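[1] sharing a model that was predicted from the sequence below.
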Amino acid sequence: MTKDKAYEPFEVDQRMVAHSNYWAGEMGSRFYITLRDKKKILGVRCTKCNKTFWPPRTTCVFCFSKLDELVEIGPYGTLETFTLVTYSEPVHPRKAPFVYGIVKLDGADTGMAHFIDEVDFNKVHIGMRVKPVFAKEKKGNILDIQYFKPI
Amino acid sequence: MSDRVAIVGIAQSKFSARRPEVNYAEMGYEVIEQVLNNTGLEMQKDIDNSISCSHDIWDGQTISDIGITDVIGGHLRNEEKVAMDGTNMVLYGAIGILSGEFECSLLMAHTKMSQTNRNIVNNDAFDPIYTRILGFDYTSAAALQAKRYMYKYGITQEQCAKVVSKNLANARLNPSAHNMGEYSVGDVLSSPVVASPIHELEIAPDTDGAVAMILASEKKAKEITDNPVWILGFSNCYDAHYLGDRDLADYMSLQKAAQKAYNMAGIKNPRREIDVVELCDAFSYQELLWSEGLGLCGQGEGGRLLDSGATALKGKIPVNPSGGLLSGVPENVAGLNRAAEAYLQVKGEAGEHQVGNVRIAVAQGHSGFCGQHHCVLVLGKE
């Protein structure tokens, strides 16, 4: 076989598919069950740092304390940033165009990334007050909040 | 034990949108063969440690260095992989030499972005419990960061677009680049909006390619070359994972990494002492934001720094004279390419995109969406 002889490149077609079930942990389990059954959003509080985190977690990133004080946050919140997405991918739960935003729920010090809907795309703005729309049919994931919409 | 670590040679692919004629091992071998030839080193005799940098999901195999073990000299020898940006591989390789365990290490970063869908690959970077199902990828996450940054500091769309004009013009002088041209701010802003405020031309394109580099202890380096490039400082730093955990317009982790790297290198005034910067502009706005994090200007002043012309090819602190990631550099390879370009600048071997006499060059890399993790390297002549 000569080295510089041209050849036809050959591609091997592959598809990786895995259906996974991830344990949500203590905080995540309490969060999702409360969201599903009571339509309430939980965060976790660090009393030492006086911070409330979403998503709820077991360790404070600042002081490394073990956290266990779950508190209700929201449901109203303020839009911190947003983007209008114009492309679609199979991993998107909805078709473009759609808006993603980060919502800082009242009482929380960190934001929640989610969809923003029921709004004129041209009128979405940072500082906009929003509230969650809960899904009618609960699936046990973050889309149990279907999206946030302006108050 | 070595007191200092030097870069003694590099080799880079001609980056392309697609390299169908080689698999990733063959693509890696091209640059390994070249760097060994350039330095006159032999794999069995001289190289005592091999490190690769890529990403399992891009490569399509877990522990994907299995696919390049042979070409990097890892067969029945030690070989490791860094699954983060390539700057981290330089840091990791340098530490191995400083520890006294190794004398001469071969680094190689490779990725073929053409093989799969970047948005689906990068969706896997988001935590599976709260975020992944929403469909985020690096572009939509970056758009949230760009919007926040522009809102908080009054950075304009024109300033972001100007980064593209500058870098794609610089890329015309770089023989490794594949994405280049003369684009006005208007051209950039009239390209389609992908995720507002980010336009198509503001996103680093899909690219295939590899970069190799050889690090050596002080003693070994002086045997190999009369003018090695010294790694004077390095550091890295993580920030929080969740998109809502930090103000995306800030850059605490980059600031901390830069400060530590500068301290190690004895740099007190980065604006005066740094001669050139190669940073990861995966999206246009990132060049402005990372310039701030690297201390080239004050907070919120990235746009003004660019407008002043300081970061232009012949400016006071040129940023990305190579054309940066916008000129077409694969993910994972980006940081090693930054370090290789910084090396060429210090050597005075950057050819047409050489910025003049360079005493100190800085390379920055980041891993994860919105620059969650940063690594900063300081390279110099002495």
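    Noted; the coordinates are in hand. Keep in mind that this is a model prediction, so the values were computed, not measured. Numbers count the residues shown, from 1 in each chain, chains lettered A, B, ... in the order given.

[2] can I assume B:Lys316 sits in a strand?
    No - counting by DSSP: H, G, I helix; E, B strand; the rest coil, B:Lys316 falls outside a strand, being coil.

[3] chain neighbours aside, what residue packs nearest to the spatially most central residue of chain A?
    Nearest to the mean C-alpha position of chain A, counting by Cα atoms, centre = their mean, stands A:Ala113 at 4.3 Å. Distances taken as Cβ to Cβ, 6 or more residues apart in numbering or on different chains put B:Leu243 closest to A:Ala113, at 4.3 Å, once the chain neighbours are dropped. The C-beta positions use only the backbone N, C-alpha and C, and glycine is treated the same way.

[4] which helix or strand contains that neighbour?
    Here B:Leu243 is covered by no helix or strand, with elements defined by DSSP states H and E.

[5] got the phi/psi numbers for it?
    phi -60, psi -30 (degrees, to the nearest 10).

[6] in contact with the residue nearest to the centre of chain A, which residues?
    By Cβ atoms under 8 Å, 6 or more residues apart in numbering or on different chains, the contact list for A:Ala113 reads A:Tyr100, A:Gly101, A:Ile102, B:Thr131, B:Leu134, B:Phe136, B:Leu144, B:Tyr242, B:Leu243, B:Gly244.

[7] ok, and the closest non-adjacent residue to the residue in chain A that chain B sits nearest to?
    The nearest approach of chain A to chain B comes at A:Gly111, 2.8 Å away (Cβ to the nearest Cβ). Excluding the flanking residues, the one nearest A:Gly111 by Cβ to Cβ, 6+ apart is B:Gly244, at 2.8 Å.

[8] quick one: residues contacting residue 151.
    Since you didn't name a chain, this refers to chain A. A:Ile151 touches A:Tyr76, A:Arg129, A:Val130, A:Lys131, counting by Cβ under 8 Å, 6+ apart.

[9] not quite, I wanted chain B
    By Cβ under 8 Å, 6+ apart, B:Tyr151 lies in contact with A:Thr81, A:Ile126, B:Ala249.

[10] about what we covered before: let me know whether the residue nearest to A:Ala113 touches B:Asp137 as I believe.
    No - contact criterion Cβ atoms under 8 Å: B:Leu243 and B:Asp137 do not qualify, at 12.0 Å.

[11] and those two? Which one has more around it.
    Set B:Leu243 next to B:Asp137 and count neighbours by other Cβ atoms under 10 Å in any protein chain shown: B:Leu243 wins out with 29 against 24.

[12] residues contacting the closest residue to B:Ala83 other than its chain neighbours?
    Excluding its sequence neighbours, the residue lying closest to B:Ala83 (Cβ to Cβ, 6+ apart) is B:His55, at 5.9 Å. By Cβ under 8 Å, 6+ apart, B:His55 lies in contact with B:Ser64, B:Ala83, B:Thr111, B:Val121, B:Glu331, B:Asn332.

[13] out of those residues, which sit inside helices?
    Counting by DSSP state H, the part of the contacts of B:His55 found in helices is B:Val121.

[14] show me how far the strand or helix carrying B:Met213 is from its chain's centre.
    When elements are assigned from DSSP H and E, B:Met213 belongs to strand B:208-217. Chain-centre distance of strand B:208-217: 12 Å, with Cα atoms, centre = their mean, to the nearest Å.

[15] which other helices and strands does that strand contact?
    If you count contacts as 3 or more Cβ pairs under 8 Å, 6 or more residues apart in numbering or on different chains; DSSP states H and E, strand B:208-217 packs onto strand B:5-12, helix B:24-39, helix B:86-98, strand B:104-112, helix B:334-347.

[16] same question for the helix or strand just after it, mean pLDDT?
    Next helix or strand after strand B:208-217 toward the C-terminus (DSSP H and E): helix B:218-224. Helix B:218-224 comes out with an average pLDDT of 96.

[17] what does helix B:218-224 rub up against?
    Residues outside helix B:218-224 that contact it (Cβ under 8 Å, 6+ apart): B:2-6, B:8-9, B:39-41, B:103-104, B:216, B:228.

[18] write the ChimeraX selection for whichever of the residues you listed are buried.
    Selection command for ChimeraX covering only the buried members of those, criterion 16 or more other Cβ atoms under 10 Å in any protein chain shown:
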select /B:2,4,5,6,8,9,39,41,103,104,216,228
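
[19] nearest to B:Phe126, out of the contacts of helix B:218-224: which one, please.
    The closest of those to B:Phe126 turns out to be B:Val5 (Cβ to Cβ; 35.0 Å).

[20] contacting residues for residue 65?
    Unless you meant another one, I'm taking chain A. Applying Cβ under 8 Å, 6+ apart, we find A:Ser65 in contact with A:Cys46, A:Lys48, A:Cys49, A:Thr59.

[21] wait, chain B
    B:Ser52, B:Ser54, B:Ile72, B:Gly74, B:Glu79, B:Glu80, B:Lys81.

[22] now, these that are in strands?
    B:Ser52, B:Glu79, B:Glu80, B:Lys81 (DSSP state E).

[23] separation between the last one and B:Ile66?
    Think B:Lys81. From B:Lys81 across to B:Ile66, the span is 9 Å (Cβ to Cβ, to the nearest Å).

[24] who's more crowded, these two?
    Neighbours per residue (other Cβ under 10 Å) separate B:Lys81 from B:Ile66, with B:Lys81 holding more: 22 against 15.

[25] so that one bridges to which residues?
    Per DSSP bridges, the residues bridged to B:Lys81 are B:Ser52.

[26] now do the same contact list for the residue nearest to B:Met27 when sequence neighbours are not counted.
    Nearest residue to B:Met27, sequence neighbours excluded (Cβ to Cβ, 6+ apart): B:Ala210, at 5.0 Å. Listed by Cβ under 8 Å, 6+ apart, the contact set of B:Ala210 reads B:Gln12, B:Ser13, B:Tyr24, B:Met27, B:Gly28, B:Glu30, B:Val31, B:Met108, B:Ala109, B:His110, B:Thr111, B:Val333.
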